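1. here is the input, now give the coordinates:
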Amino acid sequence: MLILSYEASDISELPQPLERQIRDNKYREAAVGACQPKERAAGIARFRITVLLFSAQGEGIEK
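-> Below is the predicted model of the structure:
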C-alpha cells in the first residue's frame, strides 16, 4: 500500500509523483479522502487530500 498526502487548490490535476505511481500499474485499487484545512486563505479554495493505493500483488506498506 502507498499513502500519499498533499494540499491543492485545483483538484482536477494530480501531483506528478502520484500520477507516476498510478501509471506504474503496481496498484489495483485506490481510496481517496479530501477536506478543507482549518486555516483558510481569503478567497482561495484549498483542499487536503490523502490517496491510498493498494498493491496488485499484496506487497507491504510503502511511504
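2. ranges for the helices of this structure?
-> In the chain, the helices defined using DSSP state H lie at 16-23.
3. where does it dip in pLDDT?
-> Where the chain drops to pLDDT under 70, the residues are 40-43, 57-63.
4. tell me the spacing between the residue nearest the centre of it and R28.
-> Nearest to the geometric centre of the chain sits V51, at 3.2 Å (Cα atoms, centre = their mean). In this view, V51 and R28 are 14 Å apart by Cβ to Cβ, to the nearest Å. The way it works is simple: take the backbone N, C-alpha and C, and place the C-beta from them, glycine included.
5. and C35, by the same measure?
-> Taken as Cβ to Cβ, the span from C35 to R28 is 26 Å.
6. next: D10.
-> In terms of Cβ to Cβ, D10 sits 27 Å off from R28.
7. of those two, which one has the most company?
-> R28 (11 against 7; other Cβ atoms under 10 Å).
8. who touches the closest residue to that one other than its chain neighbours in this structure?
-> Distances taken as Cβ to Cβ, 6 or more residues apart in numbering put A56 closest to R28, at 4.1 Å, once the chain neighbours are dropped. By Cβ atoms under 8 Å, 6 or more residues apart in numbering, A56 lies in contact with N25, K26, Y27, R28.
9. tabulate these (JSON lines), appending distance to R46.
-> Formatted as JSON lines, those follow (distance: Cβ to Cβ, whole Å):
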{"residue": "N25", "distance to R46": "31"}
{"residue": "K26", "distance to R46": "30"}
{"residue": "Y27", "distance to R46": "26"}
{"residue": "R28", "distance to R46": "30"}
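10. looking at those, which one is closest to P15?
-> Nearest to P15 out of the contacts of A56 is Y27 (Cβ to Cβ; 15.5 Å).
11. what about the closest one, how many residues close to it?
-> With other Cβ under 10 Å as criterion, Y27 counts 18.
12. I figured it hits R20, correct?
-> No: the pair Y27 / R20 is not scored as a contact, 11.6 Å apart, by Cβ atoms under 8 Å.
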